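# I need the structure of the sequence given here:
(chains A and B)
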Amino acid sequence: MNNAIFDIATVGAIGFVHPALALAGAACGAIPIIIHLLNRRRHRRVQWAAMRFLLLASRRSARRLRLEQFLLLAIRIAVVVCVGLLVARPYFPASGLLPFVGTGVHRIIVVDNSLSMSSSMRGAAGLGSGVRSGSRLDAGLRRSHELLAMFSPRDSVSIVTLSSPATTVVGHAAFDRRFLSETIDSIAPTQASTDVPGGVRAVLEIIEGSSSAPGNRAVYFVSDFQRSDWLRDSAYAGRENGAVPGNLAGNLPTIAATELGRLADVLANSSENLVLVQVDGETRRNASVTSLSAESAFVAPGLPLRFEASIGNHGDAVLQGARVQFRSGGRILGESPVAKVAAGGETLVSVTTQFAVAGTHTVEARLLGVGEDHLAIDDTRFHTIEVREKTRVLIVDPRSTARFNESEGAYLAAALDPGSVGTRSGPGRSRLTYGDLADASRRFVSPFSVELSSEHELAYQGLPEFDVVALCNVPSLSRSDWERLGRFVEQGGGLLVFLGDEVNIDSYKMSESLVGGALLPATLLDVARPAQSLSDAPDRAEVIRLSREGLTHPFVREFARQDSSGLFDARIEAYMRVRADAATGEVLWTYTNGEPAWILGSRGRGSVLLCTTSANMRWNTLPAKGDYVSLMLNAVSFSARGSGVLRNVTVGGVIRERLSAVEASLPISVSPPADFIDEAPSPATIRVGNGLGVEVGPVMASGAWGVRVGGSERSFSVNVDPSESLLEGASASAMADAVGREMRWVSASAGSFARRDEQAARSTEVSRAVLWMVVGLVFLESLLAMLFGKPLGKRRDEAAYV
Amino acid sequence: MDAKAQDYRKYLDPKVLARLGGLELRARMIVEGFFSGIHHSPHHGLSVEFADHRTYAQGDDLRHIDWKLFGKTDKYYIKEYEQETNLEVVLVVDASESMRYRSDDSLLTKYEYASSIAAAIAYLTLSQHDSVGLCIFDDDITHFTRPTNSPHFWKTLIRDLEEGGPLVGAGRKRSSGKAVVEGGVKVSRALGELVERVTHRQLVVIASDFFDDVGDVLTGLQRLRYRGSELIVWHVWDPAELTLPFRGPTSFEGMEQMGRLLADPGALRVRYVEEVEEFCHRLRMGCGKLFADYNRLSTGSALDATLSSYLATRSRRLRSRSSRVLGGG
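Below you'll find the model as predicted:
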């Protein structure tokens, strides 16, 4: 795509698209003079006897010769200058050459070249990936050309593209129709989503810099006006990060509609000056892989891992007979048939695999056998995971040195890495033994590397070395500790918080006023002790337990499938009553009395998981249940996934990777996907927290990308925005309702703008006029040279008469 | 024409002549070449003009008996020939600096060409027992020898021609110590001086480029004519002077201190040729009025036409004298 911003310059009444070339062309006018001067210097000397006749001839011819030679020299200079100007693409601004015809309109064409515009408009199946042939973008470019032809020659035109990030292609008020036409032709399809706010911002900037009168500005949006872009905020935003899916059925006011309304307010007469040109109003059949994720966040070598792909049917017919092929590293992991999917419906398919070695691995889900499909790019989706030999966990526990049953951290450590129980870090590191439990567990090779520490030693810990920090019944932390934990989470770390009877609520409130907002997803209120023991609650129904309802989140979803899990039978004898943050807190699990039990929050790239009860048996009997270990594994694993979020980015985003001090000095290169034909973006070294990192992007093509640091390659997945897969255009009335302003709507079925004004095509074709001028001058020069008695072939030798 | 004659004829070509070493040899070869084309032997019948018959007397050379007349009349008659010793030829050669000019395509300077043909004429004239004199001039007469029929004079003439060539550059001086006039040599002045030295009817052959005012030149010629001299005018040009064949910007350095001109020859060519032709035309017309024989010579052209012109003039002159003798007798 041509992203260049074209500068202009005007000389008097003439403007130039390439002013530097105009200057060069003017400078070229000196060439004939220089040749003349050089010839004067390079004359030959002869002794001459018949001088009197030469002097006579010279005296009698001098005036005529000077006139002839100066005429020829002037024509030659004019020819050279005209050729130079021709290359510089001159044009006449309306206010310059044609002041008598009044001021033209500044018209801004906004062309949508997002992924949905790459969809084919043909009806046949098996469309392949040839996006330019018969695509919506082709139709859009045709419409743009029609608009250009329709505009008056006095009108100036600017061009903006709408795919993310929206780009001002021609920012100045251009008059050269050929240049504008070539610019429109150069607009290429992208895999990015639509950036309506960015596009409106670009248009407003152009209008702000425009010299035309407020009433003489018009904006033309040439798009498919996808409902998902214009009438709904992204339906799939954050799905792969575990966020709640958007409302697919609703018709909520959107940012796009709001921005369009703002633009309508700026334009004097929006019913005429804000024109929406729809290139395809039909709903096109399209099936896509809308998401691909690893079911369990915890990935270790040799452990089975299930990948789940969501298949969406965006057409108006049932999708059947399709299948999904999962691949990784060039090998097929498996192929799963896709059950019948109703129009507008979704279904899940999965595959279970394992990775033998640690590192980053990219899994690809490819949708096959879908029949008629108007957009092929979204049939494939990628997901990159990081398989770690060890997940490093720092457990902060004030009783880390106490007896096993008095320490919450010890329970957690035993669940994560039985072999490390008793290992503590910091000053006075010692090894505690817990008898048979530890002995038996040493035979198990844990994927976790656990260290125990007291809250006083937290200040001495290098937090970036850990993936997860777990606070277990920590009474209080200093503000600087909370700030450090906040930065740790922002940079992708996981924070796991277990409460207990030693927690100082006031100290925890300190975490709500950190730079960048509250760290914890809930505000602690007070300790609730519904039942101290079975004897306090003779009726079992009154005993508080973990609820079986609403377990949809991946963190807890697997327990919902196991009715017999002991977790649901564990007694909750005490818990901290909390008030979940409405904006950032997501309640994953509640108690049977409806109070939150597990709350998820996020900050920067990391996540915070708050458990309102204890990790040991002081407030509950969970550790006595068999799934306690699974619960803790899930909790830590889910918290640890934050650093891997940026391995999966959307087209238009950037790839970032943290580097160690040693890695920062190694050569870094980027490996684009195999079918990527453009030049790969260069890696840039950036600062990440206190360390260094590498940034690549924005990446504009989906696929498996790689960043090679020294000898090791890190994989990344870049996927298209799934909202672009919904090939359903908005109607005029729906757009008008959403924007709430009057706009002019040109439907896809409307005929050609057609009024191809010959004068418009001609008037600013200054280049053509200059070309004819050059031809005329060359002819005139030849004619004059012949008349002046010089054979054409010898004119070069005969410089001007001296 | 036999092979030997053909071999001599080549010496009429200036390209061949230029390869010959000295002026003497060059002049001889011109004459040899010229006559080899019109006689079987260059030495038979030279300077022999038939006048009358007389009766044979004892002691007469038997070679002069007219045997045809003897066959008709059965009497011996001797052929009588006209006496030829009273023809005086003055060869006037211009040795001004402009005569030193030679273009790249030419092999002889104008002076070399003129002196070669003058030497040839002298050789021819002396062979016919006529008298020949030599005048060399630039802005003045620098050398003058009265006509003589001494065969030895030819060697002297050759030497004088070789030594009296054009001088070069500003401030140049003759052996006489007289400085050369700046701004062009006045041919007319030299002719005026020559008039004083021509004492009776003579055949004056002038070889020059006549780079002077054409009116002044004609005035000088007219004065010679009034003295009773017959005139043969050889207007000598280098081929380049007739066509101005140069291309590209050229700086013309004028000989005879005529200044300098930087010009495009292509732009001036037509006008220049017109000027040259105008000059030649006026000179030719002026010569015609004076009954002078005008010949425009190019240093690149063969010499036979020049010699033919000379001999035709000489023959006409002798014939007119003969008719005057017979009429008087």
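# Report the spatially nearest residue to A:R52, omitting neighbours in sequence.
Counting by CB to CB, 6 or more residues apart in numbering or on different chains, A:R52 lies nearest to B:F211, which is 6.2 Å off, once chain neighbours are set aside. In this view, the C-beta of every residue, glycine as well, is placed from N, C-alpha and C.
# Show the pLDDT at the one you found.
Note on B:F211: pLDDT of 88.
# pretty sure it is touching B:V187, no?
Yes: between B:F211 and B:V187 there is a contact at 7.1 Å, judged by CB atoms under 8 Å.
# Relative to A:L55, how far out is the residue nearest to A:R52?
Here B:F211 is placed at a distance of 12 Å from A:L55 (CB to CB, to the nearest Å).
# Quick check: phi and psi at the residue nearest to A:R52.
When read as degrees, to the nearest 10, the backbone of B:F211 gives phi -80, psi 80.
# Tally up the residues packed near it, please.
Per other CB atoms under 10 Å in any protein chain shown, the neighbour tally for B:F211 reads 27.
# Helix or strand for A:E205, just tell me which one.
Per DSSP states H and E, A:E205 falls inside helix A:196-209.
# What is the neighbour count of residue 75?
Chain wasn't specified; assuming chain A. Around A:I75 there are 19 other residues, counting by other CB under 10 Å.
# that's the wrong chain, I meant chain B
The local packing of B:K75 (other CB under 10 Å) involves 11 other residues.
# Same check on the one 5 residues further on?
Neighbours of B:E80 under the rule other CB under 10 Å: 12.
# all strands for the stretch 151-300 of chain B, in order.
Ranges of strands within the stretch 151-300 of chain B are B:203-208, B:230-237, B:250-254, B:260-263, B:293-298, based on DSSP state E, counting those that start in this stretch.
# now for the last one, which elements pack on it?
Yep, that's strand B:293-298 we're talking about. Strand B:293-298 sits against helix B:110-127, strand B:230-237, helix B:265-289, helix B:304-328, with contacts defined as 3 or more CB pairs under 8 Å, 6 or more residues apart in numbering or on different chains; DSSP states H and E.
# Does the closest residue to A:E205 other than its chain neighbours lie in a helix or a strand, and which?
Leaving aside its sequence neighbours, A:E205 sits nearest to A:T168 (CB to CB, 6+ apart; 7.2 Å). Per DSSP H and E: A:T168 is located in strand A:167-174.
# Which strands border that strand, and is each parallel or antiparallel?
Strand A:167-174 has the following strand partners under DSSP bridges: strand A:156-161 (antiparallel).
# Spatially nearest residue to residue 156 (excluding sequence neighbours)?
All of this is about chain A. A:A173 (3.3 Å).
# that's the other chain; I wanted chain B
Nearest non-adjacent residue to B:T156, counting by CB to CB, 6+ apart: B:T145, 7.2 Å away.
# so how many other residues sit close to the one you found?
For B:T145, the neighbour count with other CB under 10 Å is 16.
# out of the helices and strands packed on strand B:293-298, deepest packed?
Mean neighbours per residue, mean count of other CB atoms under 10 Å in any protein chain shown, is largest over these for helix B:110-127, with a mean of 25.
# next one: the helix holding A:E205 to chain centre, how far?
Mean-position distance between helix A:196-209 and its chain equals 19 Å (CA atoms, centre = their mean, to the nearest Å).
# can you list the helices and strands packed on strand B:293-298 in CSV and add mean pLDDT and distance to A:A785?
What follows is those, written out as CSV (pLDDT from 0 to 100; distance: least, CB to CB, whole Å):
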stretch, mean pLDDT, distance to A:A785
helix B:110-127, 85, 35
strand B:230-237, 89, 31
helix B:265-289, 90, 11
helix B:304-328, 61, 40
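# wait, which of those is closest to chain A?
Closest to chain A of the helices and strands packed on strand B:293-298 is helix B:265-289 (CB to the nearest CB; 3.8 Å).
# near chain A, anything from the closest one?
Yes: using CB under 8 Å from any CB of the partner chain, helix B:265-289 reaches chain A at B:G266, B:A267, B:L268, B:V270, B:R271, B:Y272, B:E274, B:E275, B:V276, B:F279.
# how about the residues you listed, which pair is most distant?
B:G266 and B:F279 (21.2 Å; CB to CB).
# how's the chain carved up into domains?
I'll assume chain A. Domain ranges of chain A: A:19-91+A:765-797, A:102-284+A:727-755, A:294-389, A:391-644, A:646-719, per automatic domain parsing.
# My question was about chain B, not that one.
Domain segmentation of chain B under automatic domain parsing yields B:52-83, B:88-325.
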